[in-house]
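A.B. asks: Compute the structure for the input listed below.
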Amino acid sequence: MPTEIEDVEQFRNAVHRAMTSGSDSTELRYVSGSVPTEGDSAQPLVDIDLVPDSQELVLSDEVMCQLNEVLLERRRAEDLRKAGVSPTRTLLLSGPPGVGKTMTARWLASSLDLPLLSLDLSTVVSSYLGSSGRNIKSVLDYAKSGPCVLLLDEFDAIAKRRDDDSDIGELKRIVNVILVELDRWPDVSLLVAATNHPQLLDAAVERRFDRSLELPLPDRGQRLSTLRALADGFEGVAVEQLALIADLTEEYSGSDLARFWSLAYRRSIIHDSSFGDELLSELARVFDGSGASRDRLFLAMHDTLRMSNRQIASVTGVSHPTVAAGIKRAEGTGYGGGAE
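C.D. replies: Numbers count the residues shown, from 1 in each chain. Here you go, the predicted model:
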C-alpha cells in the first residue's frame, strides 16, 4: 500500500472497481467450476439467481424509504465517493419469519440490476461444521469477485455473541472472520444479512453494518395490500372479503397470508367449490374453537358481508344456533355495531 494514501478503504474500493471493470471476470464467474463448492463435492455452497424477479414488496413507509435511499445512493455513488464516503455496502434485516427479508434482498438485486447470491448459513454450519469458516470465506471471496447482492440468511447461525459459552470455538472464530469481511466489503456489491433473532447477534457484528432495518409484522393496511396483490386475476373474491381477512389476521406475516391464500385456492379446486367461500372457511379454521375470536368472525361475516346465520354456518361448518349465539356474544362486547 503506498504510504501517501490517506483513506485506505477508499483506495481499496477504487482498485477493486478498476480491476472488475477492466476484465471479463464478471462474465466468467458463473460458469461451471467457478462457483465455490464444499470440499471435493460438486454441491455448490451458494445459490445464484442471475435475473431475480422483482415481486411487489409490501413494507412500511419508513422501511421502504430507507430501501429507496439505498438505491439512490447507488445511482449517485460517484457523488458520494467524491465527497469521501461510500454508498451503503452492508445491510442487516431483522424481524419475525415471513415478513419479507428474503424478498427484500431479491427486490434490491432486481432494482439494482445485479445477480442475487444466497447462502443459508444455518445449513452450512450444521452440515459442514468442521469446515464452516473456510466455506463461508470462500463464498464471501467469490461474491467480491464482481458486483452482486449477497444474501446471508439465518445470519445468527454464525454471528452469535462471543460470550455464549454454549458455542464451540470454531463459531467464535467465524465471528472474527465476519468482522473483518464487513469492514472490507467493497462498495460495488451489497451484502444483506437476515436474521429472525437479532438479540443473538454479537454486538460488534451488528455495529459493523452500514444500515440496520427491522421488518415488523404487517399492519392492517399492509395486509390488505398483500391480499389485493394476491387477488389480482382471481374471480369471485369480493373486496369486502379481503377487508375482512385483513381485519382478522393481526398476527399474520406476508408469507402466512400467501400460504393461507394458496390453501384456500387448492381446496376450491379439489372440492369444486367457491374460492370466496373457501377463503372464509379457512378464516374460520384460523379461529377454530369457541372463543371470542370466532364470535368476532361470525359478527363480521354477518355485518360486513351481510351473510345470514345459516350461510355463515354452512361456510364455517357449525350449527346456525352456534352462529347466532356467537354473534350475540360479540355484539355484547361492542364489536361491529350489531347490525341486523
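A.B. asks: tally of neighbours for Ala258?
C.D. replies: Using other CB atoms under 10 Å, Ala258 has 16 other residues around it. (Glycine included, C-beta is placed from N, CA and C.)
A.B. asks: same question, Arg329
C.D. replies: A count of nearby residues for Arg329, using other CB under 10 Å, gives 18.
A.B. asks: before we move on, what about Leu200?
C.D. replies: The burial count for Leu200: 14, using other CB under 10 Å.
A.B. asks: tell me the contacts of the residue most central in space within the chain?
C.D. replies: Taking CA atoms, centre = their mean, the centroid of the chain lies closest to Lys101, which sits 1.9 Å from it. With contact taken as CB atoms under 8 Å, 6 or more residues apart in numbering, Lys101 is in contact with 93-95, 153, 194, 215.
A.B. asks: a strand runs through Leu213, doesn't it?
C.D. replies: Yes. The assignment for Leu213 (DSSP: H, G, I helix; E, B strand; the rest coil) places it in a strand.
A.B. asks: That one and Val63 touch, don't they?
C.D. replies: Yes. Leu213 lies in contact with Val63 (CB atoms under 8 Å); the separation is 5.6 Å.
A.B. asks: Going along the chain, name the strands of the chain.
C.D. replies: For the chain, strands defined by DSSP state E occupy the ranges 47-49, 90-94, 116-120, 149-153, 190-195, 211-214.
A.B. asks: Same list (these) but as TSV, adding distance to Gly332 and mean neighbour count.
C.D. replies: Below are the strands of the chain laid out as TSV (distance: least, CB to CB, whole Å; neighbours: other CB atoms under 10 Å):
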stretch	distance to Gly332	mean neighbour count
strand 47-49	53	15
strand 90-94	41	24
strand 116-120	50	22
strand 149-153	47	26
strand 190-195	44	26
strand 211-214	38	16
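A.B. asks: Dump those into a markdown table; add mean pLDDT as well.
C.D. replies: Putting the strands of the chain into a markdown table (pLDDT from 0 to 100) gives the following:
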| stretch | mean pLDDT |
| --- | --- |
| strand 47-49 | 90 |
| strand 90-94 | 97 |
| strand 116-120 | 92 |
| strand 149-153 | 95 |
| strand 190-195 | 96 |
| strand 211-214 | 96 |
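A.B. asks: Can you lay out the ones you listed as CSV showing distance to Glu282?
C.D. replies: Formatted as CSV, the strands of the chain follow (distance: least, CB to CB, whole Å):
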stretch, distance to Glu282
strand 47-49, 31
strand 90-94, 29
strand 116-120, 30
strand 149-153, 29
strand 190-195, 28
strand 211-214, 29
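A.B. asks: Would you map out the domains in the protein?
C.D. replies: Annotated domains of the chain cover 8-214, 220-332 [automatic domain parsing].
A.B. asks: ok so, going back, among the contacts of Lys101, which one lies nearest to Pro87?
C.D. replies: Leu93 (17.3 Å; CB to CB).
A.B. asks: between the strands of the chain, which one is nearest to Lys137?
C.D. replies: Short answer: strand 116-120, nearest of the strands of the chain by CB to CB, at 11.6 Å.
A.B. asks: so the closest one versus strand 149-153, what angle?
C.D. replies: Between strand 116-120 and strand 149-153, the angle comes out at 20 degrees (axes from the mean of the first three to the mean of the last three CA atoms, to 10 degrees).
A.B. asks: can I get the CA coordinates of strand 116-120 in PDB?
C.D. replies: Taking C-alpha atoms only, strand 116-120 is exported to PDB below (Å, rounded to 0.1, in the frame of the first residue of the first chain):
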ATOM      1  CA  LEU A 116     -28.500 -12.300  -6.200                       C
ATOM      2  CA  LEU A 117     -26.300 -14.800  -4.400                       C
ATOM      3  CA  SER A 118     -27.900 -16.600  -1.400                       C
ATOM      4  CA  LEU A 119     -26.200 -18.500   1.300                       C
ATOM      5  CA  ASP A 120     -28.200 -20.200   4.100                       C
END
